[in-house]
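Participant: sequence below, structure please.
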Amino acid sequence: MFGAEQGIGPQLDGAGLRIGIVQARFNESITNALAAACRAELLALGVQEENIDHVQVPGALEVPVALQAMAEREQYDALVALGCIIRGETYHFELVANESGAGVTRLSLDYQLPIANAIITTENMEQAIARQTDKGRDAARVAVEMAQLLDTLN
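Facilitator: Sure, this is the predicted structure:
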């Protein structure tokens with residue numbers, strides 16, 4: 001939501017964090033921009049390049065299985081899901097959006113591991129382009145903030 005009030009969060013410090021990124025290739029120009037913005041923000045927040053693992057999968061429905069494989073390694077402080085689903089003329093949009101989102105949420109809860117979900121869903125390519133950079137940065141910030149929070153709660 002553009003113009004949404006996000007509030008003021010804590011000071012973010014990614015030093016020492018290990019972050020995994022799973023990027024869907026479908027709508028690759030958008031997901032590449034999401035990934036570039038996410039990686040740049042992680043680095044700006046102090047996450048070291050060597051502590052960022054980035055894998056690609058064919059599409060949004062495949063993102064959860066790659067996230068699960070990463071979660072099972074028990075070496076990440078947070079994960080990031082990146083993808084782009086653009087509404088088409090069939091029900092497939094809803095299926096992919098709902099199932100990928102539910103899978104990401106379930107994994108986060110099952111593994112008690114923060115997963116920033118930046119699988120964007122839009123009506124058209126123009127909306128996707130308008131969101132690609134901000135949502136990539138937001139995902140990085142969410143991953144770092146939630147990793148910090150869970151560290152204090154555990």
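Participant: all contacts plus neighbour counts: C-alpha atoms, from now on.
Facilitator: Will do.
Participant: and the strands in the chain?
Facilitator: Under the criterion DSSP state E, the chain carries strands at the ranges 19-24, 52-57, 78-86, 115-122.
Participant: strand partners of the longest one, parallel vs antiparallel please.
Facilitator: To tie it back to what came earlier, the one meant is strand 78-86. strand 19-24 (parallel), strand 115-122 (parallel) (DSSP bridges).
Participant: among the ones you listed, which is the most enclosed?
Facilitator: Neighbour counts (mean count of other C-alpha atoms under 10 Å) averaged over each of the strands paired with strand 78-86 peak at strand 19-24, with a mean of 26.
Participant: so for that strand, what's the average pLDDT?
Facilitator: Averaging pLDDT along strand 19-24 gives 98.
Participant: same thing with stretch 140-154?
Facilitator: Confidence over stretch 140-154 (mean pLDDT, whole number) is 94.
Participant: equivalent analysis for stretch 102-118, please.
Facilitator: For stretch 102-118, mean pLDDT is 97.
Participant: what comes up buried for that stretch?
Facilitator: 103, 104, 105, 107, 108, 113, 114, 115, 116, 117, 118 (16 or more other C-alpha atoms under 10 Å).
Participant: coming back round to it: distance to residue 142 added to the strands of the chain, as TSV?
Facilitator: As requested, those are exported to TSV (distance: least, C-alpha to C-alpha, whole Å):
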stretch	distance to residue 142
strand 19-24	11
strand 52-57	15
strand 78-86	9
strand 115-122	6
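Participant: what's the closest of these to residue 137?
Facilitator: Closest to residue 137 of these is strand 115-122 (C-alpha to C-alpha; 9.5 Å).
Participant: for the buried residues of stretch 102-118, give me JSON lines that also has distance to residue 71.
Facilitator: Formatted as JSON lines, the buried residues of stretch 102-118 follow (distance: C-alpha to C-alpha, whole Å):
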{"residue": "103", "distance to residue 71": "13"}
{"residue": "104", "distance to residue 71": "11"}
{"residue": "105", "distance to residue 71": "13"}
{"residue": "107", "distance to residue 71": "8"}
{"residue": "108", "distance to residue 71": "9"}
{"residue": "113", "distance to residue 71": "7"}
{"residue": "114", "distance to residue 71": "10"}
{"residue": "115", "distance to residue 71": "10"}
{"residue": "116", "distance to residue 71": "13"}
{"residue": "117", "distance to residue 71": "15"}
{"residue": "118", "distance to residue 71": "17"}
